[in-house]
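Colleague: here are the coordinates; sequence isn't available:
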């Protein structure tokens with residue numbers, strides 16, 4: 001059990017004091033006067049009010065903020081009103097479920113800079129008041145905001161211009177109507193009441209101000225009357241024709257955490273249709289556009305879990321639309337990246353990528369065909385062709401930064417995956433010096449090469465008092481290792497021959513174990529870095545570092561990311577580990 005348990009929630013909402021304001025009592029005119037030249041500042045204030053209301057998507061105002069102190073969670077209210085034609089959808093859970101709240105409370109309690117929860121809510125209310133300046137509204141006027149908010153954009157709307165709607169769940173429809181009247185009054189625009197499928201809606205005439213209505217407990221601000229009609233008809237159909245029942249949307253959401261703080265969704269296919277329908281564009285007119293033909297949808301979700309704050313992303317793919325080359329590339333990079341085993345356990349940070357060298361040899365061959373001089377150089381160096389060294393690259397790549405040797409406090413290495421160590425070593429022996437000469441890198445190195453044999457591996461290195469770092473390289477089973485010192489190459493040799501690497505570190509294992517896969521990973525050991533900084537900085541300087549913001553890094557164990565891909569799509573996670 002954590003030492004930072006949240007305090008007991010208040011028994012009644014009124015115990016929140018100024019954090020939970022009372023609804024406004026002001027009565028407003030239903031139809032404001034027509035605009036005039038003197039109403040221009042008023043119209044600007046109206047736009048500011050609408051923008052502030054949209055900001056509720058990411059900032060919980062009034063009652064929604066109070067809801068965080070209870071563990072009930074709010075029911076879903078938005079998705080059954082979003083038409084399936086929406087290209088981009090965003091939903092924020094202003095009153096999420098109990099597990100999300102408890103995890104957020106636990107994490108925020110560990111960061112002193114955030115202050116108490118009551119202070120956070122007061123800051124939130126102050127931010128809302130600042131955003132509403134000039135609109136005639138305050139955060140009190142948003143006390144009706146419920147537990148969920150969302151919005152969508154329809155790029156391919158029938159009007160020829162993108163359409164949108166903002167949807168905010170309400171706990172008090174009367175207070176919501178009061179706020180809408182205030183927004184209409186502030187806009188300076190002329191509004192008329194229009195009934196759409198039994199729902200009273202307010203539509204601006206001769207103005208770009210949004211249409212407004214309360215639909216089944218949700219405040220709706222739509223770009224125009226047509227989009228308001230689309231929302232109302234979707235809601236009245238009981239969810240039929242809603243985004244929640246769209247196959248692509250369902251495929252994306254099924255692969256994201258169901259319990260989250262909010263998510264965003266994008267329909268790639270509909271956006272691609274919008275782009276290719278523009279004058280002068282076609283399916284093959286943009287470089288790389290054809291590679292998106294197989295992509296269906298993208299989703300991103302933010303979650304608070306027992307291991308920290310995570311951002312998950314998912315891309316779904318139609319396998320039948322993949323080219324043979326794309327299918328082969330996915331198959332070749334499937335599974336854990338083997339270069340991870342060559343990263344030492346004491347690394348401060350590391351990253352491993354799959355598919356990094358895909359298409360390099362084809363690209364160089366194209367260069368050779370267009371430039372005779374480059375073609376001659378590539379031929380002399382045996383880079384491409386049937387016997388070219390690039391044929392031995394696996395496409396895996398990794399790098400790591402860790403404790404240094406000698407005068408430098410840090411060192412590191414780059415690992416390039418290879419499938420034939422002997423062939424790559426032979427190429428290096430025969431061609432590396434020539435490559436360095438042709439690229440003018442020999443003068444930059446400024447020191448002669450030396451060699452040593454370490455457990456059967458030849459390590460070539462150079463050391464210069466004039467250079468800030470040295471250069472060393474060697475070829476082990478599965479990788480070409482380029483490092484800042486012979487010691488780093490020796491570490492890779494030991495790891496290739498069975499020594500325990502970073503996968504044996506408990507912190508790494510915990511963080512990466514929460515990833516969807518380790519095809520590509522990134523890992524930063526925050527605690528190890530803080531320890532290293534403390535060892536380098538004098539006591540007073542380290543204290544200044546903590547006071548300047550470093551203290552807020554102390555609750556973080558690590559930052560990690562990992563991904564996995566196959567013919568059905570890809571999944572990735574970014575994690576800030578706060579146990």
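Modeller: Structure received. Computed from a prediction, not measured in an experiment: that's the story for all the values here. Numbers count the residues shown, from 1 in each chain.
Colleague: Tell me the pLDDT of the spatially closest residue to residue 420 that is not a sequence neighbour.
Modeller: Setting aside the residues directly before and after it, residue 420 is nearest to residue 392 in space (Cβ to Cβ, 6 or more residues apart in numbering), at 4.9 Å. Quick note: C-beta positions are derived from backbone N, CA and C, even for glycine. Listed pLDDT for residue 392 reads 89.
Colleague: and what of residue 58?
Modeller: On the pLDDT scale, residue 58 gets 38.
Colleague: same question, residue 318
Modeller: 89.
Colleague: got a list of what the spatially closest residue to it that is not a sequence neighbour touches?
Modeller: Counting by Cβ to Cβ, 6+ apart, residue 318 lies nearest to residue 294, which is 5.2 Å off, once chain neighbours are set aside. The neighbours of residue 294, taking Cβ atoms under 8 Å, 6 or more residues apart in numbering as the test, are 317, 318, 319, 321, 322, 326.
Colleague: Show the contacting residues for the second one.
Modeller: This means residue 318. 294, 295, 296 are the contacts of residue 318 under Cβ under 8 Å, 6+ apart.
Colleague: Please apply the same query to the fifth one.
Modeller: Residue 322 sits next to 294, 330, 567 when contact means Cβ under 8 Å, 6+ apart.
Colleague: which of those residues lies closest to residue 553?
Modeller: residue 330 (36.8 Å; Cβ to Cβ).
Colleague: That closest one and residue 519, how far apart?
Modeller: As judged by Cβ to Cβ, to the nearest Å, residue 330 and residue 519 stand 10 Å apart.
Colleague: anything in contact with each of the two?
Modeller: What both residue 330 and residue 519 touch, as defined by Cβ under 8 Å, 6+ apart, is the set residue 565.
Colleague: out of these two, which sits in the more crowded spot?
Modeller: The neighbour comparison of residue 330 against residue 519 (other Cβ atoms under 10 Å) goes to residue 519, with 25 against 21.
Colleague: Residue 150 contacts residue 89, doesn't it?
Modeller: Yes. Here residue 150 reaches residue 89: they are 6.8 Å apart, a contact under Cβ atoms under 8 Å.
Colleague: more neighbours, those two?
Modeller: Using other Cβ under 10 Å, the more surrounded residue of residue 150 and residue 89 is residue 150, with 26 against 23.
Colleague: and the more buried one, that one's in a strand?
Modeller: Yes. Checked against DSSP: H, G, I helix; E, B strand; the rest coil, residue 150 lies within a strand.
Colleague: which ones are touching it?
Modeller: Contacts of residue 150 by Cβ under 8 Å, 6+ apart are 57, 78, 79, 82, 89, 90, 91, 92, 166, 167, 168.
Colleague: Help me confirm that the residue nearest to residue 420 comes into contact with residue 422.
Modeller: No. The pair residue 392 / residue 422 is not scored as a contact, 9.9 Å apart, by Cβ under 8 Å.
Colleague: Between those two, which is the more surrounded one?
Modeller: For residue 392 versus residue 422, neighbours defined as other Cβ under 10 Å are more numerous around residue 392 (18 against 10).
Colleague: Please report how far the more buried one lies from residue 424.
Modeller: For residue 392, the distance to residue 424 - Cβ to Cβ - is 6 Å.
Colleague: Identify the contacts common to these two.
Modeller: With Cβ under 8 Å, 6+ apart as the test, residue 392 and residue 424 both reach residue 418.
Colleague: The host helix or strand of residue 179 - contacts with which helices or strands?
Modeller: Counting by DSSP states H and E, the element that carries residue 179 is helix 173-187. Helix 173-187 sits against helix 40-54, strand 199-205, strand 211-215, strand 218-222, with contacts defined as 3 or more Cβ pairs under 8 Å, 6 or more residues apart in numbering; DSSP states H and E.
Colleague: buried ones in stretch 249-260?
Modeller: By neighbour count on 16 or more other Cβ atoms under 10 Å, the buried set for stretch 249-260 is 249, 251, 252, 253, 255, 256, 257, 259, 260.
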